[in-house]
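A.B. asks: Quick check, what structure comes out for this input:
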Amino acid sequence: MFLKVFLVLSVLIRGGWTNYKACQCRERPKYKEEHRTVYNLRPQDIGFVGAIGDSFTSGYASRSNNPLNYMTDYLGTSFSTGLEQDMSLIRLVQMCNPSVRGGSSGDNGLLGGDGVRGLNVGVTGAVSSEVGEQANNFATQVRQMPGWQNQWKLVTIYVGANDIFAECDPINGYQYGMNIRRALDMLSGLPKTYVVLVGLPDLTQYYQLAQDNFLCGLLIGFVSSRCSFTPQQQKDLVAQFNAQLQLISEEYRYMRKDFTVEYTPAVANAYQTVERDQFAFDCFHLVPQFYEQISTNIWNSLFQPRQSRTLGNYNGNVQPTCPSSYNQFLRTKKNS
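C.D. replies: Presented below is the predicted three-dimensional model:
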């Protein structure tokens, strides 16, 4: 009881849901648990939150302000599993189920650290061809946790930026899609799983920083000069990748009563307005406050009908959706 009260008060004090008392996300179930399916899944039913992806999933450099603290995974700031955020996905789920597991905290750098990964298996620098291995690691870890068969799992997959920026011979959309499918095939062996495929934003928009900040101009110039891709080519790859994610989410083999794959474009507008204070020391990775906007937009999209999921609100005042008796279920292809 004390833990529940503490979690509620901490969010209210630190700027979370402003009208938490109106949220009925912990009301008693209306369905017997044996009748619970992915089509009537609520936040309070989620027992595990996990994350697969690259540096944006592991919180790389998010708190860095100089070269000495740059090469570090700040796991507690992850948009998906970060326990040191007010509005990460796991913190939002906590408001409905304080017992949810999988959270990450602390940090790990070149010289080690106190980081706890939880169910965040994201790897800084990862490309899409590596998420299959990450999915296997995630499934292995979950199966070692007590009660995993009976707990619902919420898993995010966010990857693709390194396929575009770090590879001078990048894959095409079809190859990217096959890499994602390999990861999903690994995850599909887990019962009671809701997978969120997070679409990429227009990554070329952050080039605006090069015009406004001298240091960012040098750093961005170095990255963009490695390969001869034009901004339009990079935009085209992002469009191909996102089209594949949407197509995959509609495939019949990922539609079961205890398993679904949902695509969200909630991050598409993330870089629509680019400000220096949104980015870490390297002018590329994000700061914790901006990760909170990303996680809030992803959360909100899970309660939106899949045909009308928005591109995200990044004007600085986005508030998380409060589950209610009128909108209590995470949306899927069959309950939208």
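A.B. asks: Quick check: closest non-adjacent residue to Asn335.
C.D. replies: Closest residue in space to Asn335, ignoring its immediate chain neighbours: Tyr39 at 4.6 Å, by Cβ to Cβ, 6 or more residues apart in numbering. C-betas here are computed from N, CA, C, even on glycine.
A.B. asks: Helix or strand: which one has Val261?
C.D. replies: strand 259-264 (DSSP states H and E).
A.B. asks: hmm, who's touching that strand?
C.D. replies: Contacts to strand 259-264, defined as Cβ atoms under 8 Å, 6 or more residues apart in numbering, come from residues 38, 184, 187-188, 190-199, 245-246, 248-249, 251, 254, 298, 301-302, 306, 309, 331-333.
A.B. asks: and it, average pLDDT?
C.D. replies: Mean pLDDT, strand 259-264: 97.
A.B. asks: Is there a neighbour count for the nearest residue to Leu302 once chain neighbours are set aside? I'd like the number.
C.D. replies: Excluding the flanking residues, the one nearest Leu302 by Cβ to Cβ, 6+ apart is Leu330, at 4.9 Å. The number of residues packed near Leu330 is 23, by other Cβ atoms under 10 Å.
A.B. asks: got the phi/psi numbers for Leu330?
C.D. replies: Torsion angles at Leu330 (phi, psi; degrees, to the nearest 10) stand at phi -70, psi 130.
A.B. asks: measure it to Pro43 for me?
C.D. replies: From Leu330 across to Pro43, the span is 7 Å (Cβ to Cβ, to the nearest Å).
A.B. asks: where exactly do the helices run in the stretch 101-250 of the chain?
C.D. replies: Secondary structure of the stretch 101-250 of the chain (DSSP state H, counting those that start in this stretch): helices located at 131-143, 161-165, 173-187, 208-212, 214-225, 231-249.
A.B. asks: which one of the ones you listed is the most hemmed in?
C.D. replies: Of these, the one with the most neighbours on average (mean count of other Cβ atoms under 10 Å) is helix 161-165, at a mean of 21.
A.B. asks: ok, back up a step: in contact with the residue nearest to Leu302, which residues?
C.D. replies: Leu330 neighbours (Cβ under 8 Å, 6+ apart): Val38, Leu41, Arg42, Pro43, Tyr194, Leu302, Phe303.
A.B. asks: OK, contacts around the last one?
C.D. replies: Contacts of Phe303 were listed using Cβ under 8 Å, 6+ apart, and they are Thr321, Pro323, Asn327, Leu330, Arg331.
A.B. asks: Skipping adjacent residues, who's closest to Asn213 in space?
C.D. replies: With sequence-adjacent residues excluded and distances taken as Cβ to Cβ, 6+ apart, Asn213 is closest to Arg276, at 5.5 Å.
A.B. asks: quick one on the thing from earlier: buried ones among the contacts of Phe303?
C.D. replies: Buried positions within the contacts of Phe303, assessed by neighbour count (16 or more other Cβ atoms under 10 Å), are Thr321, Pro323, Leu330, Arg331.
A.B. asks: Which ones among those lie within strands?
C.D. replies: Judged by DSSP state E, the buried ones among the contacts of Phe303 include no members of strands.
A.B. asks: thinking again about what came up before, I'd like to check the angle between the strand holding Val261 and helix 231-249, please.
C.D. replies: Per axes from the mean of the first three to the mean of the last three Cα atoms, to 10 degrees, the angle that strand 259-264 makes with helix 231-249 is 150 degrees.
A.B. asks: which one among the contacts of Phe303 gets closest to Ala135?
C.D. replies: Leu330 (20.3 Å; Cβ to Cβ).
A.B. asks: Roughly how far does that closest one sit from Pro98?
C.D. replies: The gap separating Leu330 from Pro98 is 18 Å, by Cβ to Cβ.
A.B. asks: same check, this time on Ala239
C.D. replies: Counting by Cβ to Cβ, the gap between Ala239 and Pro98 amounts to 40 Å.
A.B. asks: circling back: next, format the contacts of Phe303 as TSV and append distance to Asp114.
C.D. replies: Listed next are the contacts of Phe303 as TSV, based on distance: Cβ to Cβ, whole Å:
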residue	distance to Asp114
Thr321	33
Pro323	33
Asn327	39
Leu330	33
Arg331	37
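A.B. asks: which one of those residues is nearest Val142?
C.D. replies: Comparing those against Val142 with Cβ to Cβ places Leu330 closest, at 18.8 Å.
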